[in-house]
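Asks: Here is a sequence with its predicted model. Questions after.
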Amino acid sequence: MTGYLPQLKPVRKIRYIIFLKDVAFLALTTFGGPQVHLAMFYDRFVKLRRYLTEDELMELNALCQILPGPTSTQTITALGFKIGGPNLAYLTLLIWVLPGVCIMTAAGMGVYYLEQHNLSMHFARFVQPMAVGFLIVAGYRIGQKVIKNQVSLALALTAALVAYVFRSPVMTPIVIAIGGLTTALTYEKQERMEKQPLRIEWANFFLWLGVFLAAAGLGAITQSLPVRLFENFYRNGSLVFGGGQVLTPMLYNEFVAFKHYLSREEFLSGLGLAQAIPGPVFAFASYIGALSMRADGPNAQFWGSFVATAGIFLPGMFLIFFVYRFWDQLKRYRVVRASLDGINAASTGLTAAAAVALFEPMAPHWPSVVIVIGTMIVLLYTRLPPFALIGIGLVAGLIL
């Protein structure tokens, strides 16, 4: 037995390096959002490497879907945690998000450069209505999965109406909380499962809460824009259920409708580009962070991208590390499972409200309407990948 011990550490190190190479490969080749990401995770991690079984991957992905934060990012980071603990998990996070974050940061700085030199962004005019089409289709697909009865339909419609009428970021957590509480009351419809004692390690929860409170306090005291940006994104990252599609309306309400850090056209151009890059859709935050600090120059834009990226990704990581340890016990409680239906329905309503708000100014312009409808048809009835569709839009904009 003792003869094997000296070999354990180098073998483990080699395994970690191979795993991180797999993460880097996926970070550069996965397009299309969480559903496509999951399929590629299966091919790479289950079939090729056998890091875990198919059932383990699906259960891990299900857990990440019901937690706030980026589903794909939490899934691949939790897998790193499972294989090598916190250190490997944070390396996994860094490698997974880096390509998308770099591209979106460069895009934000590119938009600033064009504006500074009075150059037109008219080449992106087709991408903007395409982005609305992406959002509508995403909301439709989410709705198909989460709207199961009249209660969830009513919650989705109510959330959409409230978010459309009251376009304040304050409404987002209120709508989500009410949705979850409403269906939590129907917990008796859930199947009973034998309960086990919860063994909770609170360190990561207090880390998540401590950063949340510290950022909010420092932002209020200092009024520093980087600190406030970090708090804004950290708060949104702590509240978004359902992935990048649900994050979009939250960011639009906060940074376009409420704070006016970006114009609607800038937001839509970035949103369209975010559909065409590899890796997590949450990298869109890096673009918004860079543009939010454009007034202070290029160096400040890098800083804005950094704090936005850290703010949007960290809460999901803290929470998955916290919950993963006792998820087997927690999921046995009916009230927990019941609340998820309302949270998901309310999130669908938020996506619908954002789609309507973004489409409204385009409605009088028939070419934009045609592009929105055409994008929806292509996404629903063909297998053309989103990045190819965005590429066609950019090329068409340059030519025409």
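Replies: Here it is on my side, so go on.

Asks: Point me to the helix or strand that includes the residue nearest to Val146 when sequence neighbours are not counted.
Replies: In space, Val146 comes closest to Asn344 once its chain neighbours are excluded; the distance is 3.8 Å by CB to CB, 6 or more residues apart in numbering. From N, CA and C alone the C-beta is placed, and that goes for glycine too. If you go by DSSP states H and E, Asn344 is part of helix 334-359.

Asks: Of all the residues in that helix, which ones are buried?
Replies: The neighbour-count check on helix 334-359 (16 or more other CB atoms under 10 Å) flags 334, 337-359 as buried.

Asks: Tell me the helix or strand right after the longest helix anywhere in the chain.
Replies: For the chain, the helix that runs over the most residues, judged by DSSP state H, is helix 71-116. Per DSSP H and E, helix 71-116 leads on to helix 127-146 as the next helix or strand towards the C-terminus.

Asks: List the buried residues in that following helix.
Replies: For helix 127-146, the neighbour count (16+ other CB under 10 Å) marks 127-143, 146 as buried.

Asks: Give me the residue ranges of the stretch 51-200 of the chain where confidence is low.
Replies: Low-confidence regions of the stretch 51-200 of the chain, defined by pLDDT under 70, span residues 58-59, 61-62, 65-66, 117-124, 167-170.

Asks: any idea how far Leu398 is from Glu115?
Replies: Summarising the geometry, the distance separating Leu398 from Glu115, computed by CB to CB, to the nearest Å, is 18 Å.

Asks: who's more crowded, those two?
Replies: Using other CB atoms under 10 Å, the more surrounded residue of Leu398 and Glu115 is Glu115, with 15 against 11.

Asks: burial count for Gln196?
Replies: With neighbours defined by other CB under 10 Å, the count for Gln196 comes to 11.

Asks: what does Gly179 give?
Replies: Here the neighbour count serves as a burial measure; for Gly179 (other CB under 10 Å) it reads 29.

Asks: buried ones in whatever helix or strand it lives in?
Replies: Taking DSSP H and E as the definition, Gly179 sits inside helix 171-184. Buried residues in helix 171-184, counting neighbours by 16+ other CB under 10 Å, are found at Met171, Thr172, Val175, Ile176, Ile178, Gly179, Gly180, Thr182, Thr183, Ala184.

Asks: Low-confidence regions, the stretch 201-350 of the chain specifically.
Replies: Applying pLDDT under 70 to the predicted model, the residue ranges of the stretch 201-350 of the chain that meet it are 241-246, 331.

Asks: Repeat the analysis, applying 80 as the threshold.
Replies: Within the stretch 201-350 of the chain, the stretches with pLDDT under 80 are 240-249, 272, 275-276, 327-333, 336-337, 340, 343-344, 347-348, 350.

Asks: Which stretches in it count as strands?
Replies: Taking DSSP state E, counting those that start in this stretch as the criterion, the stretch 201-350 of the chain carries no strands.

Asks: All the helices of it, residue numbers only.
Replies: When assigned using DSSP state H, counting those that start in this stretch, the helices of the stretch 201-350 of the chain occupy the ranges 203-222, 225-239, 244-251, 264-274, 284-292, 298-324, 327-330, 334-359.

Asks: what's the second one packed up against?
Replies: Helix 225-239 makes packing contacts with helix 171-184, helix 203-222, helix 244-251, helix 284-292, helix 298-324 when contacts are defined by 3 or more CB pairs under 8 Å, 6 or more residues apart in numbering; DSSP states H and E.

Asks: Looking at the ones you listed, which one is packed in the most?
Replies: Using mean count of other CB atoms under 10 Å, the stretch among these with the largest mean neighbour count is helix 284-292, at a mean of 29.

Asks: Can I get stretch 156-165 in CSV, CA atoms only?
Replies: Taking C-alpha atoms only, stretch 156-165 is exported to CSV below (Å, rounded to 0.1, in the frame of the first residue of the first chain):
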residue,chain,number,x,y,z
ALA,A,156,-45.3,34.9,-15.6
LEU,A,157,-47.9,37.4,-16.9
THR,A,158,-48.0,39.4,-13.7
ALA,A,159,-44.2,39.5,-13.5
ALA,A,160,-44.0,40.7,-17.1
LEU,A,161,-46.6,43.4,-16.5
VAL,A,162,-45.0,44.7,-13.3
ALA,A,163,-41.5,44.7,-14.8
TYR,A,164,-42.8,46.5,-17.9
VAL,A,165,-44.7,49.2,-16.0
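
Asks: I would like the residues contacting stretch 326-338, please.
Replies: The set of residues external to stretch 326-338 that reach it, using CB atoms under 8 Å, 6 or more residues apart in numbering, is 63, 183-201, 323.

Asks: Mind doing that once more with 7 Å?
Replies: Stretch 326-338 has contacts (CB atoms under 7 Å, 6 or more residues apart in numbering) with 63, 183-184, 186-187, 190, 192-200, 323.

Asks: Now, of those, which are buried?
Replies: A residue is treated as buried here by neighbour count (16+ other CB under 10 Å); on that basis the buried members of the contacts of stretch 326-338 are Leu63, Thr183, Ala184, Thr186, Val323.

Asks: Report the two of the residues you listed separated the most.
Replies: Taking CB to CB as the measure, the buried ones among the contacts of stretch 326-338 span a maximum distance of 22.7 Å, between Thr186 and Val323.

Asks: State the distance from the nearest residue to Leu88 once chain neighbours are set aside to Pro86.
Replies: What sits nearest to Leu88 in space, not counting adjacent residues and going by CB to CB, 6+ apart, is Gly80, at 4.7 Å. Distance, Gly80 to Pro86, using CB to CB: 9 Å.

Asks: ok, now Leu38?
Replies: Applying CB to CB to Leu38 and Pro86 gives a distance of 23 Å.

Asks: Which of these two has more residues huddled nearby?
Replies: Leu38 (19 against 13).

Asks: quick one: which helix or strand includes that one?
Replies: Here Leu38 sits within helix 34-41, counting by DSSP H and E.

Asks: rewinding a little: so which of the helices of the stretch 201-350 of the chain comes closest to Tyr16?
Replies: For these, the distance to Tyr16 is smallest for helix 298-324, at 17.7 Å, taking CB to CB.
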